[in-house]
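>>> Could you look at this predicted model? Sequence included:
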Amino acid sequence: MAEQIEQKRLLVTEVPGPRSKEIAARRDEAVAAGVSSGVHAYIERGSGAILVDADGNHLLDLGSGIAVTSVGHAHPAVAAAIAAQALDFNHTCFMVTPYEEYVAVAEALNELTPGDHAKRTALFNSGAEAVENAVKVARLATGRTAVVAFDHAYHGRTNLTMALTAKNMPYKDRFGPFAPEVYRMPMSYPLRDGGRSGAEAAADVISQIEVQIGAENLAAILIEPIQGEGGFIVPAPGFLPALSEWATANGVVFIADEVQTGFCRTGSWFACDDEGVVPDLITTAKGIAAGMPLAAVTGRQELMDAVHAGGLGGTYGGNPVATAAALASIGVMRDEDLAARARHIGEIITARFGALKAELGSIAEVRGRGAMIAIELVKPGTLEPDAALAKAVVASCAAEGVLTLSCGSYGNVVRLLPALVISDELLADGLDVLEAALRANC
Ligand code: PLZ
């Protein structure tokens, strides 16, 4: 078995160190400039919440590769499942000759996702691909074309998902024209919408849908239950249930994009569970397979099975190695009750930065759920976003060997997405570094 790496942050050079800089110089000559990286430390190994770079620095990873390695880097059970499957066979294409692992992942998703109705699942490679396919299913099943997405939404970088994504830079700028029949609606964003209730915010959306689109033309409402890239925006309670109820009453497919929130991240299997919302279709990816490319659309049997045979698929979707990784990851989440760990992590982070908010006027809000918590930064005494501050805080943390991520439509949110297996001690170390970075830069 691979050597387990001590779960401790340790810097032996500056970050990035000389060896990483050598590789970075090669990268500049080889990799397209449009593909960028946050921290130029080149990673060689990882375990749990620690990544070891090419210079031997042990970095504390509080971003998990954007909410992917929820069971930790190179979890032994997942690594063993990947290795075993790789030795058996790597690919057949499920559409050519199938295999049991695909079926088992579909069974697991049908069981774990919200609602006890009959469900079916199709597997894909990326979150964006899952979202595209959910929209395909909704359009075919309803015979309607319009899709509603929200302010601050992020759904991917393919043509349709660029159209569904709200933010221009860096995702959409000069990449158009974008797919038609996408309508953007205001998101419930309590910090910035005057604290409207969920019911008020939903009523506004519904009235705009009726005026601008007409329910009879609307195939789907697509929403992240907690927005990820948009800034960890948690809608006011009641917003999601009201939209979901209206969708059901009007024959509109309610699609929850749980690519970032899913798989124990928010302290439940899925964020929809927290408000008792049962989506018609749910998209998942990221945490599902600990880093192997896998994504899924799971939904009501009558919607999913409306699609003709051969209408859904792809060469690699539900690859055997990725599905083996998913089954192992789901097993770890169950066995180690990582949903409970996520809630515990959330309490620790929220308590720490909630207290700091009282001291630092730059912290407008500490929000999120479970192990998905963010700090929104502003010019003190205003709601004016302070993106430069967020950037400086993330950079200060990286220099100390702690990886955090920024996000938000205005780039002014620092977010934490630690592995759910992180120890309290290691988390506290990372939070000490983040607190010092906030104090130093605010
Ligand atoms: N839906 C809710 O968060 C991916 C994007 C990183 P893919 N978020 C990270 C970047 O800058 O490209 C995401 C998401 C939600 C869909 C997606 C898309 O998932 O696997 O990146 O295609």
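Structure received.

>>> For residue 239, give me its contacts.
Residue 239 makes contacts with 188, 198, 199, 201, 202, as judged by CB atoms under 8 Å, 6 or more residues apart in numbering. (Glycine included, C-beta is placed from N, CA and C.)

>>> Let's see that with 6 Å instead.
The neighbours of residue 239, taking CB atoms under 6 Å, 6 or more residues apart in numbering as the test, are 188, 198, 201, 202.

>>> In terms of distance to the ligand, which of the residues you listed ranks first?
residue 188 (16.4 Å; CB to the nearest ligand atom).

>>> Does the closest one touch residue 201 like I think?
Yes. At 3.7 Å, residue 188 counts as touching residue 201 under the criterion of CB atoms under 6 Å.

>>> got any ranges where the stretch 1-150 of the chain has weak pLDDT?
1-3 (pLDDT under 70).

>>> Report how many residues lie close to the residue of it found nearest the ligand.
The nearest approach of the stretch 1-150 of the chain to the ligand comes at residue 127, 2.2 Å away (CB to the nearest ligand atom). Using other CB atoms under 10 Å, residue 127 has 28 neighbouring residues.

>>> That one reaches residue 259, doesn't it?
Yes. Here residue 127 reaches residue 259: they are 3.7 Å apart, a contact under CB under 6 Å.

>>> Please enumerate the shared neighbours of the two.
residue 285.

>>> who's in contact with residue 44?
52, 54.

>>> one step back: for the residue of the stretch 1-150 of the chain closest to the ligand, which residues are in contact?
Here residue 127 is in contact with 156, 259, 285, 295 (CB under 6 Å, 6+ apart).

>>> Check residue 20 too.
So residue 20 contacts 40, 41, 42, 53, 54, 55 (CB under 6 Å, 6+ apart).

>>> again with residue 252
Residues near residue 252 by CB under 6 Å, 6+ apart: 218, 221.

>>> can you check the one 5 residues further on too?
For residue 257, the contacting residues are 131, 155, 224, 283, by CB under 6 Å, 6+ apart.

>>> could these go into TSV alongside distance to residue 194?
Listed next are the contacts of residue 257 as TSV, based on distance: CB to CB, whole Å:
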residue	distance to residue 194
131	30
155	26
224	22
283	31
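
>>> Looking only at neighbour counts, state which of residue 188 and residue 201 leads.
residue 188 (28 against 24).

>>> For that one, which residues are in contact?
Neighbours of residue 188 in contact, by CB under 6 Å, 6+ apart: 198, 201, 235, 236, 239.

>>> Repeat the analysis, applying 7 Å as the threshold.
196, 198, 201, 235, 236, 239 (CB atoms under 7 Å, 6 or more residues apart in numbering).

>>> Tell me if residue 120 really is in a strand.
Yes. With DSSP: H, G, I helix; E, B strand; the rest coil as the criterion, residue 120 is located in a strand.

>>> now it, which residues is it bridged with?
Here residue 120 sits in beta bridges with residue 299, going by DSSP bridges.

>>> ok, now residue 47?
Beta-bridge partners, per DSSP bridges, of residue 47: residue 50.

>>> Surely it and residue 73 touch.
Yes. Judged on CB atoms under 7 Å, residue 47 makes contact with residue 73 at a distance of 5.4 Å.

>>> Compare neighbour counts for those two and give me the winner.
Higher neighbour count among residue 47 and residue 73: residue 73, with 25 against 22, using other CB under 10 Å.

>>> Okay, and the beta partners of that one?
Going by DSSP bridges, residue 73 forms beta bridges with residue 48.

>>> Looks like it contacts residue 43 (just checking).
No. In this structure, residue 73 is not within contact of residue 43 by CB under 7 Å, at 9.0 Å.

>>> Between those two, which contacts overlap?
With CB under 7 Å, 6+ apart as the test, residue 73 and residue 43 both reach residue 51.

>>> Which member of the contacts of residue 188 is positioned nearest residue 413?
residue 235 (15.6 Å; CB to CB).

>>> Reduced to three states, what does the closest one come out as?
Residue 235 is classified as coil under three-state DSSP.

>>> which ones are touching the residue of the stretch 301-442 of the chain found nearest the ligand?
Among all residues of the stretch 301-442 of the chain, residue 407 sits closest to the ligand, at 9.0 Å; criterion: CB to the nearest ligand atom. Residues counted as contacts of residue 407 (CB under 7 Å, 6+ apart) are 228, 229, 231, 232, 374, 413, 415.

>>> all helices for the protein, in order.
Ranges of helices in the chain, per DSSP state H, are 18-30, 64-67, 76-88, 100-112, 127-142, 159-164, 198-212, 239-249, 301-304, 320-335, 338-359, 387-399, 424-441.

>>> Turn the contacts of residue 127 into TSV, columns for distance to the ligand.
Shown next, in TSV, are the contacts of residue 127 (distance: CB to the nearest ligand atom, whole Å):
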residue	distance to the ligand
156	4
259	4
285	5
295	6
